[in-house]
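Visitor: Model the structure of this input:
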Amino acid sequence: PSWRAMADVLQELPLTSKAGVATLVVMHVIYRAAPITVTHVLCLVPSNTFGGMLWNVVTSAFVERSPVGLAISASAFALYGHVFEPRWGLKETMRFVLVCATSSALASCCFVMVIYMATRAEQLLFVELSGLSGVVAGISVAIHQAAHSEAQRADVPNWLVGESRKVAMLYLLAHAVWCLLAGHVTDILLAMHGLLCGWIYLRFYQPHESELGPSMTAGDASEAFAFASMFFSSLQPAVDSVSRATWALIETVVPPSMRAPTTTVPSTLAFPAIPTDHLPGSNPSLAEQRRARAMRSLEDRLATRGAVADAGSGRPTASWPPPADGKARDGAGLSAVANAV
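Guide: Predicted coordinates:
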């Protein structure tokens with residue numbers, strides 16, 4: 001029966017997908033039953049949030065007011081858990097959702113308050129902000145990053161890596177059109193700030209296990225994950241200029257004592273201080289990890305090739321690494337390959 005097949009599919013979903021989809025459905029049902037109460041208590045309204053209802057920064061992300069928004073958010077959450085929970089682990093997957101949800105809601109609320117102070121338009125104090133669009137925008141950034149990190153695999157087609165650049169922008173444009181048609185113009189702020197905050201977290205703060213030791217590396221400083229890479233090709237030069245100017249301004253404003261130049265932090269620390277060495281192509285630890293990976297891959301290939309050749313000729317299997325008299329010659333070859341990498 002179809003219901004049994006659907007139950008089997010739901011059973012195979014990771015915990016992140018199950019928890020996220022269930023929370024969205026339950027909150028939508030509650031909103032339908034008592035829209036005024038839910039809006040006042042759970043949705044993000046600047047006058048309420050700054051008046052003491054700080055929990056709205058978290059709860060507002062899971063209140064979808066329309067069935068279409070619920071379907072899109074639930075599908076995105078199910079896909080997110082299926083793809084990223086095996087890759088990141090349950091703890092990091094949940095943390096990324098909370099980071100995108102809280103940061104996009106708080107940034108949007110602060111933006112509305114700044115506009116209110118500039119215009120004194122009192123209706124801005126009662127704007128309703130809710131929905132998972134900030135998290136979905138952050139997920140689109142994570143998809144963009146994952147596609148480029150897998151670009152070296154032979155089974156990943158180049159067109160998929162290229163198309164991943166368009167995921168974040170296409171979602172942002174589609175969400176903007178939907179908000180304009182549905183009359184929820186201010187919800188565009190959630191998606192915009194979710195995209196920005198998701199990229200900042202993945203670029204600078206997400207912890208990764210280092211391949212060179214027990215320490216942790218923070219962020220992704222690769223050129224392929226620069227902020228401008230998420231935009232269409234025609235816009236990338238302009239966006240890159242603006243982003244570099246913004247970064248220079250941040251370095252000028254932030255005191256040097258708060259700009260700890262570290263890309264490798266102890267494993268006991270989850271979040272580093274504001275880093276200064278994450279400009280594109282300037283992360284030496286990541287380059288060293290790639291070089292070490294290339295060295296190990298070369299050694300494994302040479303050992304496998306030697307074993308196959310010896311098995312075919314009937315000679316005893318040669319050991320790897322080679323004896324001392326061949327170390328200098330083979331070491332020079334490995335150094336040349338490592339430098340090329």
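Visitor: So residue 135 versus residue 27, what's the distance?
Guide: 13 Å (Cβ to Cβ, to the nearest Å). Just so you know, the C-beta spots here come from the backbone N, C-alpha and C atoms, and that holds for glycine as well.
Visitor: low-confidence ranges in this structure?
Guide: Residues of the chain meeting the criterion pLDDT under 70: 1-11, 149-165, 210-215, 254-292, 307-341.
Visitor: if you set the cut-off to 80 instead, what comes out?
Guide: Residues of the chain meeting the criterion pLDDT under 80: 1-13, 147-166, 208-217, 224, 232-233, 247-298, 301, 303-341.
Visitor: returning to that earlier point: for residue 135 and residue 27, indicate the residue with more neighbours.
Guide: residue 135 (29 against 22; other Cβ atoms under 10 Å).
Visitor: ranges for the helices of the stretch 151-300 of the chain?
Guide: Along the stretch 151-300 of the chain, the segments classed as helices by DSSP state H, counting those that start in this stretch run 158-163, 165-182, 188-200, 236-253, 284-313.
Visitor: Spatially nearest residue to residue 20, not counting backbone neighbours?
Guide: In space, and not counting its chain neighbours, residue 20 is closest to residue 77: 3.7 Å by Cβ to Cβ, 6 or more residues apart in numbering.
Visitor: for the one you found, helix, strand, or coil?
Guide: Assigned with DSSP: H, G, I helix; E, B strand; the rest coil, residue 77 falls in the helix class.
Visitor: list the contacts for it?
Guide: 16-17, 20-21, 24, 132, 135 (Cβ atoms under 8 Å, 6 or more residues apart in numbering).
Visitor: most packed of the helices of the stretch 151-300 of the chain?
Guide: Of all the helices of the stretch 151-300 of the chain, helix 188-200 has the most neighbours on average by mean count of other Cβ atoms under 10 Å, namely a mean of 24.
Visitor: tell me the angle that one makes with helix 165-182.
Guide: 160 degrees (axes from the mean of the first three to the mean of the last three Cα atoms, to 10 degrees).
Visitor: What is helix 188-200 packed up against?
Guide: helix 90-119, helix 133-149, helix 165-182 (3 or more Cβ pairs under 8 Å, 6 or more residues apart in numbering; DSSP states H and E).
Visitor: Tabulate these (CSV), appending distance to residue 59.
Guide: Compiled in CSV, the helices and strands packed on helix 188-200 are given as follows (distance: least, Cβ to Cβ, whole Å):
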stretch, distance to residue 59
helix 90-119, 9
helix 133-149, 13
helix 165-182, 20
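Visitor: so which of these gets nearest residue 66?
Guide: helix 165-182 (6.6 Å; Cβ to Cβ).
Visitor: between that closest one and helix 236-253, how many degrees?
Guide: 90 degrees.
Visitor: Assess the claim that residue 166 and residue 232 are in contact.
Guide: Yes: using Cβ atoms under 8 Å, residue 166 is in contact with residue 232, at 7.1 Å.
Visitor: Residue 184 and residue 82: what is the separation?
Guide: 28 Å.
Visitor: more neighbours, these two?
Guide: Set residue 184 next to residue 82 and count neighbours by other Cβ under 10 Å: residue 184 wins out with 20 against 14.
Visitor: Quickly note the distance from the more buried one to residue 129.
Guide: 9 Å.
Visitor: okay, and the common contacts of these two?
Guide: With Cβ under 8 Å, 6+ apart as the test, residue 184 and residue 129 reach no residue in common.
Visitor: ok, residue 140 - contacts?
Guide: 167-168, 171, 195.
Visitor: Would you mind measuring from the closest residue in space to it that isn't next to it in sequence to residue 54?
Guide: Excluding the flanking residues, the one nearest residue 140 by Cβ to Cβ, 6+ apart is residue 168, at 4.2 Å. Noted for residue 168: a distance of 29 Å to residue 54, by Cβ to Cβ.
Visitor: Residue 142 now?
Guide: Distance from residue 142 to residue 54, by Cβ to Cβ: 26 Å.
Visitor: So those two - more neighbours on which side?
Guide: Counted by other Cβ under 10 Å, residue 142 and residue 54 do not tie: residue 142 has more neighbours, with 24 against 11.
Visitor: So the residue nearest to residue 140 is in contact with residue 137, correct?
Guide: Yes: the criterion here is Cβ under 8 Å, and residue 168 meets it with residue 137 at 6.7 Å.
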